[in-house]
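In: I would like to see how this sequence folds:
(one chain, ligands or ions: 1)
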Amino acid sequence: MKGSRTSPYRVRLELPAFSDAQWQIVIEALAEQLRHAAALLDGRMPDDVDEVLADCGVSLFPRARELRTQCSCPDYANPCKHVAAVHYVLAQTFDADPFLLPALRGRDRTAFLASLRAARTGAPVPVDAPADAAGGVPLSELSPVTMFDAADSLESIVVHPQVPGEVTAALRRLGPPPGVAATAVPLLEEAVTAAADRAWKLATSNDDGNPMLAALRRRGSATTKELATELGWPAERIRAELGPLLESGLAIRTGHARSTRYHA
Ligand SMILES: [Zn+2]
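Out: Numbering: from 1, shown residues only. A predicted model of the protein is given here:
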C-alpha cells in the first residue's frame, strides 16, 4: 500500500482457515442442497451461501475478531487508512471472484469444487485417498436376502445422470449374444439406443409442470378416457397434450384403436 513515504507500507491481513473437519461439514451441507451445489459447480456463488455455512457454525466472510490486520505505518488508528484501503480493494476483488472467499478459508476454487463434486457423487475425494479405500463388503458377509435392501431412504441417494455416450459400443465389442443371429444385432442396437435415450429423458425431465405426465407415471399406463377422468379434462385436450409427449419420447403408446394405452 503506497502511503506518503516513498517505500510502500506493508499491510498484513490474517484470516483463520477452516479445519478439515469444518470443511467436511460445510461441503456436506452444501452438497445436500441441490440448488447450491448446482450453482457452485456451475461457477456461481449463491448469495445465501453463508446462511448454509452459518448452520455449520462458520462463515466464509470474516467474522468479528477473526480478521487480524497489521500495517507497517506509524499511524495509531487501527484500522489505519492503509488497512481500510486494502479492505476496500479486497471487497472489490471478492465481487469479481467470489471463489477467493473459500480460497482464503483454505480451499481454492479447484479443491473446493472437487470436494463438492465428490460429496455429490458419493465418490471418495481423489486427493490423498488410498487406492484400496473403496471399502467393499466381503463376499462371506453378503446375504441374498438383504443384498438389495436400501441402507437408507431412497431420497438420500444422490443420482447424477450423464448424457449417454456411445451406448452401443459395449454391444459391438461383445459381439452378438449367444443364440442371437448377427443379423439381429442392429435391432438390439436400436433397442439399446432407444432405452438409453428414454432413460436420459426420464432422468432429466421434470413432470412438476405436466399433470398428465405425472398422472401417467402414477398409474403406469392409461387410456385417453382414464386420463380425461383423472384430470377432469375434455378428451380433445388430452389428445392435444399427448402429442408432444409422444413426440419427445416421454410417453409411449401401445395397442391400437380403443385398446390404445399410454405409458410414461
Ligand atoms: Zn497503515
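In: CA atoms for contacts and neighbours, from now on please.
Out: OK.
In: The helix or strand containing residue 30 packs against which elements?
Out: According to DSSP states H and E, residue 30 maps onto helix 20-32. Counting contacts by 3 or more CA pairs under 8 Å, 6 or more residues apart in numbering; DSSP states H and E, helix 20-32 packs against helix 34-41, helix 49-55, helix 109-121.
In: And it, what's buried?
Out: Counting neighbours by 16 or more other CA atoms under 10 Å, one finds that the buried residues in helix 20-32 are 23, 25-31.
In: what's it in contact with?
Out: 36-37, 52-53, 56, 58, 115-117, 119-120 (CA atoms under 8 Å, 6 or more residues apart in numbering).
In: Which of the residues you listed scores worst on pLDDT?
Out: Ranked by pLDDT, the contacts of helix 20-32 bottom out at residue 120 (82).
In: Would you mind confirming that residue 71 makes contact with residue 77?
Out: No. Counting by CA atoms under 8 Å, residue 77 is not a contact partner of residue 71; they are 10.3 Å apart.
In: between those two, which one's more packed in?
Out: Between residue 71 and residue 77, counted using other CA atoms under 10 Å, the more crowded position is residue 71 (18 against 7).
In: ok, for that one, nearest residue in space, not its chain neighbours?
Out: Among residues not flanking residue 71 along the chain, residue 11 sits closest, at 4.4 Å (CA to CA, 6 or more residues apart in numbering).
In: does residue 253 sit in a helix, a strand or a coil?
Out: At residue 253 the chain is in strand, as set by DSSP: H, G, I helix; E, B strand; the rest coil.
In: List the beta-bridge partners for it.
Out: Residue 253 forms beta bridges with residue 262, as assigned by DSSP bridges.
In: how close does it get to residue 86?
Out: Plainly put, residue 253 is 66 Å away from residue 86 if you go by CA to CA, to the nearest Å.
In: for residue 261, same thing?
Out: 69 Å.
In: who's more crowded, those two?
Out: Taking other CA under 10 Å, residue 261 and residue 86 do not tie; residue 261 has more neighbours (18 against 15).
In: I'd guessed that one sits against residue 224; true?
Out: Yes. Residue 261 is within contact range of residue 224, at 7.4 Å (criterion: CA under 8 Å).
In: Show me the domain layout of this protein.
Out: Here the domain assignment for the chain is 11-121, 169-263, based on automatic domain parsing.
In: do you know which of the ones you listed lies nearest the ion?
Out: With respect to the ion, and counting by CA to the ion, the nearest of the domains of the chain is domain 11-121 at 4.3 Å.
In: Okay, now that closest one: how far is its last residue from its first?
Out: With CA to CA as the measure, the first residue of domain 11-121 is 41 Å from its last.
In: Now distance to residue 144 too, for the domains of the chain, in TSV please.
Out: Listed next are the domains of the chain as TSV, based on distance: least, CA to CA, whole Å:
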stretch	distance to residue 144
domain 11-121	26
domain 169-263	27
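In: For residue 147, find the nearest of the ones you listed.
Out: Residue 147 lies closest, by CA to CA, to one member of these: domain 11-121, at 21.4 Å.
In: quick one: residue 164 and residue 84, what's the gap?
Out: Noted for residue 164: a distance of 53 Å to residue 84, by CA to CA.
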